[in-house]
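Undergrad: pasted the sequence and its predicted model underneath.
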Amino acid sequence: MKKEPVLVVMAAGMGSRYGGLKQIDPVGSQGEAILDYSLYDAYRAGFKTAVIIIKEAIRKDFMETVGKRLEKCPLEIRYAYQELDMLPDGWSVPEGRTKPWGTCHAVLSAREAIDGAPFAVLNADDFYGRTAFSTVYNWLVSNEEPNTYCMIGYEVGKTVTDHGGVTRGICKSFNGYLTAIVETGGIEKYEGGIRMPYGETWMDLDPKTLVSMNFWGFMPGYLDEIEEAFPIFLKYAMRDNPMKGEFLLPTFVGRLVDAKKINLKVLSSPDTWFGVTYAADKPKVVEALRNLTEQGKYPDGLWTGNAD
């Protein structure tokens, strides 16, 4: 019998551009982080269990803030730890490396906590909107194909910031299924619209172009794919970029699609994504969440109040 879907939240990142631990930075009226809103939306969508991936170095700060609030959360909360030295036999951390091994490694570190269930994966510091959670949950419950996964696509125009360039997975699809995904850095707003780097110059990007914001729905077999590919990634990362090479979900998904090993359904959300790539993004996020609260979409105090 198929297990209930599990939500996996990646909260172990460094926040280098942000300048702090944005996973726990308060944005709600009662000190809630964006993560609290995601868990609230996930519970409303039908999820019963959430796995939060952190690292030992932030455990104390996390547990004293988010962890304490989540004692009132109706979801079953499990924790998994992503550590640099969690490597296959025969591999060791290059001297001087502090950067985590990437989002595929994060998901792999949660394997035991996921416990063979279908699972959704997302970033702790992105606000995805209520619709995205119900869309992915319903898809995971109904999907019977072990090699078919899903993602939520957002219009790139709803995911850019006023404060600098961003990296997005630009998606191409056919008949609702992903055909290619390209991680593209330096996407930015400008007076003429949205553009991305193109060689030595720029190329305009249609604001309605779908991009991945790292909200995925996977079947349990995806963890086997990651585990099998991780040593291959390490081989090339150690040679080419030992300090900063990362094993990333969008890149690996794209390779599996290219190899025709999986199908990936592209689901869209009408909601506006927002997040805190840069510290200067925070006031806009605080204002947006305040407006949603005033509209009755969220209670004033997520784990104590009532809302639609």
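TA: Yes, it's here.
Undergrad: helices of the stretch 151-300 of the chain, residue ranges please.
TA: In the stretch 151-300 of the chain, the helices defined using DSSP state H, counting those that start in this stretch lie at 221-240, 249-258, 282-294.
Undergrad: dump those to TSV, plus distance to residue 273 and mean neighbour count.
TA: Just so you know, the C-beta spots here come from the backbone N, C-alpha and C atoms, and that holds for glycine as well. Output for the helices of the stretch 151-300 of the chain, formatted as TSV (distance: least, C-beta to C-beta, whole Å; neighbours: other C-beta atoms under 10 Å):
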stretch	distance to residue 273	mean neighbour count
helix 221-240	23	15
helix 249-258	15	20
helix 282-294	11	15
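Undergrad: residue contacts, residue 186?
TA: Residue 186 is in contact with 165, 167, 196, 197, counting by C-beta atoms under 8 Å, 6 or more residues apart in numbering.
Undergrad: kindly export stretch 142-154 (C-alpha atoms) in CSV.
TA: Taking Å, rounded to 0.1, in the frame of the first residue of the first chain, the C-alpha atoms of stretch 142-154 are listed here in CSV:
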residue,chain,number,x,y,z
SER,A,142,-3.1,10.1,-7.3
ASN,A,143,0.1,9.3,-9.2
GLU,A,144,0.7,5.6,-9.8
GLU,A,145,3.7,5.9,-12.1
PRO,A,146,7.0,5.2,-10.2
ASN,A,147,9.1,7.0,-12.7
THR,A,148,6.9,10.1,-13.2
TYR,A,149,7.5,13.1,-11.0
CYS,A,150,6.2,16.6,-10.9
MET,A,151,7.2,20.2,-10.3
ILE,A,152,5.4,23.5,-9.8
GLY,A,153,6.3,26.1,-12.5
TYR,A,154,6.1,29.8,-11.8
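Undergrad: quick one: average pLDDT of it?
TA: For stretch 142-154, mean pLDDT is 96.
Undergrad: tell me the buried residues in it?
TA: Neighbour counts over stretch 142-154 (16 or more other C-beta atoms under 10 Å) mark 143, 148, 149, 150, 151, 152, 153, 154 as buried.
Undergrad: just to revisit the earlier point, nearest to residue 266, of the helices of the stretch 151-300 of the chain?
TA: Closest to residue 266 of the helices of the stretch 151-300 of the chain is helix 249-258 (C-beta to C-beta; 10.8 Å).
Undergrad: so can I have JSON lines of the helices of the stretch 151-300 of the chain showing mean pLDDT and distance to residue 71?
TA: Shown next, in JSON lines, are these (pLDDT from 0 to 100; distance: least, C-beta to C-beta, whole Å):
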{"stretch": "helix 221-240", "mean pLDDT": "96", "distance to residue 71": "29"}
{"stretch": "helix 249-258", "mean pLDDT": "95", "distance to residue 71": "30"}
{"stretch": "helix 282-294", "mean pLDDT": "93", "distance to residue 71": "22"}
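Undergrad: element containing residue 39, please.
TA: helix 34-45 (DSSP states H and E).
Undergrad: where does the prediction get shaky in this structure?
TA: Along the chain, segments meeting pLDDT under 70 span 14-23, 305-308.
Undergrad: which one's the longest strand in it?
TA: Taking DSSP state E as the criterion, the chain has its longest strand at strand 177-190.
Undergrad: so how far is that strand off the chain centroid?
TA: 15 Å (C-alpha atoms, centre = their mean, to the nearest Å).
Undergrad: what of stretch 263-276?
TA: For stretch 263-276, the distance to the chain centre is 11 Å (C-alpha atoms, centre = their mean).
Undergrad: for that stretch, measure first residue to last.
TA: The first residue of stretch 263-276 is 31 Å away from its last residue (C-alpha to C-alpha, to the nearest Å).
Undergrad: stretch 196-213 too?
TA: 17 Å.
Undergrad: so among the contacts of residue 186, which ones count as buried?
TA: The neighbour-count criterion (16+ other C-beta under 10 Å) marks 165, 196 among the contacts of residue 186 as buried.
Undergrad: just to revisit the earlier point, between the helices of the stretch 151-300 of the chain, which one is nearest to residue 137?
TA: Here helix 221-240 is closest among those (C-beta to C-beta), at 16.9 Å.
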